[in-house]
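Chemist: Quick one, what's the 3D model for this:
(chains A, B, C, D, E and F)
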4 protein chains.
Amino acid sequence: MSDTVGIAGGQIRAFIERIEHIEAEIAELNEGKKEVFAEAKGEGFDVKILKEIIKLRKQDQEERDEHDTVLDLYMRAMDEDEKAPAKKAA
Amino acid sequence: MSDTVGIAGGQIRAFIERIEHIEAEIAELNEGKKEVFAEAKGEGFDVKILKEIIKLRKQDQEERDEHDTVLDLYMRAMDEDEKAPAKKAA
Amino acid sequence: MSDTVGIAGGQIRAFIERIEHIEAEIAELNEGKKEVFAEAKGEGFDVKILKEIIKLRKQDQEERDEHDTVLDLYMRAMDEDEKAPAKKAA
Amino acid sequence: MSDTVGIAGGQIRAFIERIEHIEAEIAELNEGKKEVFAEAKGEGFDVKILKEIIKLRKQDQEERDEHDTVLDLYMRAMDEDEKAPAKKAA
DNA sequence: AACGTTGAAATAGTTC
DNA sequence: GAACTATTTCAACGTT
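Modeler: Residues are numbered from 1 along each chain as shown, chains lettered A, B, ... in the order given. Here you go, the predicted structure:
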């Protein structure tokens, strides 16, 4: 029975280590990102804005329009309500 | 149709204001925390250590929960394995 | 000497408990927030958008304009560069 | 003046693209992780438990670091106390 | 007082 | 669609 444990243990260990290795690589790349942003900041750029651009580029154009439309709708509704409170049952 | 907007606007405004009210209360409490820490510091205590202690006390509770979860998980896994002992001598 | 520890210990305990009490209140309020959002969701509103509105309202209007200007500037600069790459030394 | 924009635009574009490139690599590695987990699952292992183990191993390391930090913190606090024994018999 | 560092909170994505 | 995990964002803190 110790064999069973041994074999499975070896496999488990192998899987675990493969994952941990990949995660180490990801961590390195994230370090790299930090460095790039630090460099950009050193050049005088606004890092927050850069991140925002990256996010926007990731978004599909359609989604962006859809999102803006809904946001605009909600804010207009609120504004309307402030100007003319409670004409609900007109 | 402006009615529709008006009604929804009122609801939106109400939800937003409830949230903003709650967040204002939270902000006050956070001010309170800062004051307590400032007072402790004034008494000569090391604020960083106090925070560590608080953190550890939180962790203790969480880890106890976590521990139970993992233990449960492992025991289930063992049970599964017993039911389907699998592939060993393949 | 046990007195020193005792006295300080009492004070430490008191500070810790005051903080933990405040944090418990904050946790409750956060629960309250969750409930409000859940209720809004139940009414058919888009919680994500509501959160965005709250964030926007927190921002000062000037900051918001400034932010939009800079974002726009950066994106235009990038677009310009894409259309007319490297006429730098003209 | 369009030159100024052009130059900055080029820099902005370059930073953005460097980040996007890094993020693409990270995305690939995450794909790799998924494949490893899928393979493990194919071998009959419980992926959830594997993830638990990985998490625990990370925590162990972090806690060791944390432990050292806290220990250091406490010892320094003791030293401080020795230098300024303070207020006892006031 | 600006800067980077760190820790906590919010948000997004993923899985069941 | 609900819960959980992972990522990203924001705020506090000490440091220079």
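Chemist: Which helix or strand contains the most centrally placed residue in chain A?
Modeler: Chain A has residue A:55 as the residue nearest its centroid, 7.7 Å off, counting by CA atoms, centre = their mean. Applying DSSP states H and E as the criterion places residue A:55 in helix A:47-58.
Chemist: So for the residue nearest to the centre of chain A, what's the pLDDT?
Modeler: Looking at residue A:55, its pLDDT is 91.
Chemist: Also the one 5 residues further on?
Modeler: Residue-level confidence at residue A:60 comes out at 75, pLDDT.
Chemist: count of residues packed around it?
Modeler: Here the number of neighbours of residue A:60 (other CB atoms under 10 Å in any protein chain shown) works out to 8. In short, each C-beta sits where N, CA and C put it, glycine included.
Chemist: Same check on residue A:58?
Modeler: Other residues near residue A:58 come to 10 when the count uses other CB under 10 Å.
Chemist: quick one: residue A:32 and DNA strand E, what's the gap?
Modeler: If you measure residue A:32 against DNA strand E using CB to the nearest atom of the strand, to the nearest Å, the figure is 14 Å.
Chemist: Pull up the residues of chain A that are close to chain C.
Modeler: Along chain A, the residues adjacent to chain C under the rule CB under 8 Å from any CB of the partner chain are A:45-46, A:49-50, A:52-53, A:56, A:67, A:70-71, A:74-75, A:78.
Chemist: After the helix holding residue A:55, which helix or strand is next?
Modeler: In the C-terminal direction from helix A:47-58 (assignment by DSSP H and E), the next one is helix A:61-83.
Chemist: which residues of chain A score low on pLDDT?
Modeler: The model of chain A has pLDDT under 70 over residues A:1-7, A:86-90.
Chemist: List the contacts of the residue in chain A that DNA strand F sits nearest to.
Modeler: Each residue of chain A has a distance to DNA strand F, by CB to the nearest atom of the strand, and the smallest belongs to residue A:51, at 4.6 Å. The neighbours of residue A:51, taking CB atoms under 8 Å, 6 or more residues apart in numbering or on different chains as the test, are residue A:37.
Chemist: ok, it to DNA strand E distance?
Modeler: Look at residue A:51 and DNA strand E: by CB to the nearest atom of the strand, they are 12 Å apart.
Chemist: what's the answer for residue A:26, then?
Modeler: Between residue A:26 and DNA strand E the computed distance is 14 Å (CB to the nearest atom of the strand).
Chemist: check which helix or strand covers that residue.
Modeler: Using DSSP H and E, residue A:26 falls in helix A:2-42.
Chemist: how many other residues sit next to the nearest residue to residue A:75 once chain neighbours are set aside?
Modeler: Leaving aside its chain neighbours, residue A:75 sits nearest to residue C:53 (6.4 Å; criterion: CB to CB, 6 or more residues apart in numbering or on different chains). The burial count assigned to residue C:53 is 18, neighbours taken as other CB under 10 Å.
Chemist: Which residues are in contact with residue C:53?
Modeler: By CB under 8 Å, 6+ apart, the neighbours of residue C:53 are A:71, A:74, A:75, A:78, B:12, B:16.
Chemist: I'd like the distance from it to residue A:79, if you could.
Modeler: Per CB to CB, to the nearest Å, residue C:53 is found 11 Å from residue A:79.
Chemist: same thing with residue A:61?
Modeler: Between residue A:61 and residue A:79 the distance is 27 Å, computed by CB to CB.
Chemist: Report the buried residues of stretch A:70-89.
Modeler: For stretch A:70-89, burial by neighbour count (16 or more other CB atoms under 10 Å in any protein chain shown) applies to A:71, A:73, A:74, A:75, A:77, A:78, A:80, A:81.
Chemist: Out of the residues you listed, which comes closest to residue C:41?
Modeler: residue A:74 (13.8 Å; CB to CB).
Chemist: roughly how far apart are that closest one and residue C:83?
Modeler: In this structure, residue A:74 lies at 35 Å from residue C:83, with CB to CB as the measure.
Chemist: Over to residue A:31?
Modeler: Distance, residue A:31 to residue C:83, by CB to CB: 34 Å.
Chemist: And for residue A:26?
Modeler: When CB to CB is the yardstick, residue A:26 and residue C:83 sit 35 Å from each other.
Chemist: which residues touch residue A:85?
Modeler: Applying CB under 8 Å, 6+ apart, one finds that residue A:85 lies in contact with residue B:10.
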